[in-house]
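1. sequence first, predicted model second:
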Amino acid sequence: MTHERERFCGFVPSRYGAWCWAASPLICVLAAGLLGLAPAQAGDAREQQQLVDRAKLTFEMFQTDPNLASWFRTEAKDVKAIFIVPHLLRGAFVVGASGGSGVLLARDFVKGGWSPPAFYTMSAGSFGLQAGADASEVLLIVRTFAGLERFYGGGTFKLGVDSGLSIGPLGEGGTAGLDIVSFARSKGAFLGLSLSGFAISASADANEAYYGAAVKPEQILANGPITNSGAAALRNAVSSANSYRE
């Protein structure tokens with residue numbers, strides 16, 4: 001471990017050397033998590049399948065939260081899509097970074113049920129004297145078609161009013177007027193988490209690896225011929241949570 005610290009700190013300006021020595025384990029944890037954003041090679045869907053499986057477990061865990069369950073009973077009929085990030089790592093050492101990979105499933109209002117998952121990455125950055133790290137599971141409930149349309153295409157969009165997209169956690173003020181409602185779970189506790197300013201990017205390589213062809217997110221979310229049987233359990237879990245509204 002000492003050699004690893006020395007090798008890493010050799011690339012850090014000297015005035016940060018002492019900080020690096022003490023905080024390099026934190027940096028290693030953060031770096032390892034952010035490296036998880038790198039897509040697998042096309043044709044190798046194992047990494048994507050693991051993400052889909054974790055997303056199912058994360059969604060089912062959120063369903064045990066009484067507040068979310070109660071909100072779902074009254075709002076599920078209006079939900080357009082669900083974005084699940086099983087592991088959002090937030091950390092900082094002088095320069096802050098946050099990131100994770102997630103999947104989006106869209107509701108099929110014509111045939112019923114939910115689409116196969118489309119793959120995305122979620123990230124944010126900051127600069128300043130800061131230190132710390134935590135990991136959260138994140139669930140974004142897309143309530144409007146305007147919010148869903150931001151996930152279309154192969155580009156990047158930001159969450160927040162500045163981008164014309166309102167997002168907020170479930171709270172006393174309710175969720176009326178919000179395009180996206182956010183939920184988070186960290187260290188076993190459910191909490192409200194503001195994600196305004198985070199960027200969400202479509203992962204073309206991950207989508208191609210999982211579906212065996214270059215496909216756009218909207219092609220996946222259309223719930224048509226593009227599919228993967230490995231996502232059946234996740235799709236069933238989401239459908240079951242909304243079965244009384246289908």
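-> Cool, the structure landed.
2. now for the helix or strand containing Tyr210, which elements pack on it?
-> Secondary structure assignment for Tyr210, by DSSP states H and E: helix 204-211. Secondary-structure packing of helix 204-211 (3 or more CB pairs under 8 Å, 6 or more residues apart in numbering; DSSP states H and E): helix 46-62, strand 118-142, helix 217-221. Placement of C-beta: from N, CA and C, glycine included.
3. mind running it again at 10 Å?
-> With contacts taken as 3 or more CB pairs under 10 Å, 6 or more residues apart in numbering; DSSP states H and E, helix 204-211 sits against helix 46-62, strand 81-106, strand 118-142, helix 217-221.
4. so can I have JSON lines of those showing mean neighbour count, mean pLDDT and distance to Arg185?
-> Compiled in JSON lines, the helices and strands packed on helix 204-211 are given as follows (neighbours: other CB atoms under 10 Å; pLDDT from 0 to 100; distance: least, CB to CB, whole Å):
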{"stretch": "helix 46-62", "mean neighbour count": "19", "mean pLDDT": "95", "distance to Arg185": "7"}
{"stretch": "strand 81-106", "mean neighbour count": "23", "mean pLDDT": "78", "distance to Arg185": "10"}
{"stretch": "strand 118-142", "mean neighbour count": "18", "mean pLDDT": "71", "distance to Arg185": "5"}
{"stretch": "helix 217-221", "mean neighbour count": "21", "mean pLDDT": "97", "distance to Arg185": "25"}
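5. now these in JSON lines, with distance to Ala184?
-> As requested, those are exported to JSON lines (distance: least, CB to CB, whole Å):
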{"stretch": "helix 46-62", "distance to Ala184": "9"}
{"stretch": "strand 81-106", "distance to Ala184": "8"}
{"stretch": "strand 118-142", "distance to Ala184": "5"}
{"stretch": "helix 217-221", "distance to Ala184": "23"}
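6. Ile167: which of these is closest?
-> Closest approach to Ile167 among those (CB to CB): strand 118-142, 7.6 Å.
7. I'd like the next helix or strand past that closest one.
-> Next along the chain after strand 118-142, taking DSSP H and E as the criterion, comes helix 145-149.
8. quick one: contacts of that next one?
-> Identification of contacts with helix 145-149 by CB atoms under 10 Å, 6 or more residues apart in numbering yields 79-81, 83, 104, 106-107, 109, 140-142, 157, 159, 164-167, 178-181, 218, 221.
9. low-confidence ranges in the chain?
-> Low-confidence segments of the chain, defined by pLDDT under 70: 1-43, 90-98, 125-134, 161-163, 170-175, 187-194, 243-246.
10. could you redo the last one with a cut-off of 50?
-> Scanning the chain with the threshold set as pLDDT under 50 gives 1-43, 92-96, 126-133, 244-246.
11. no more questions from me, cheers.
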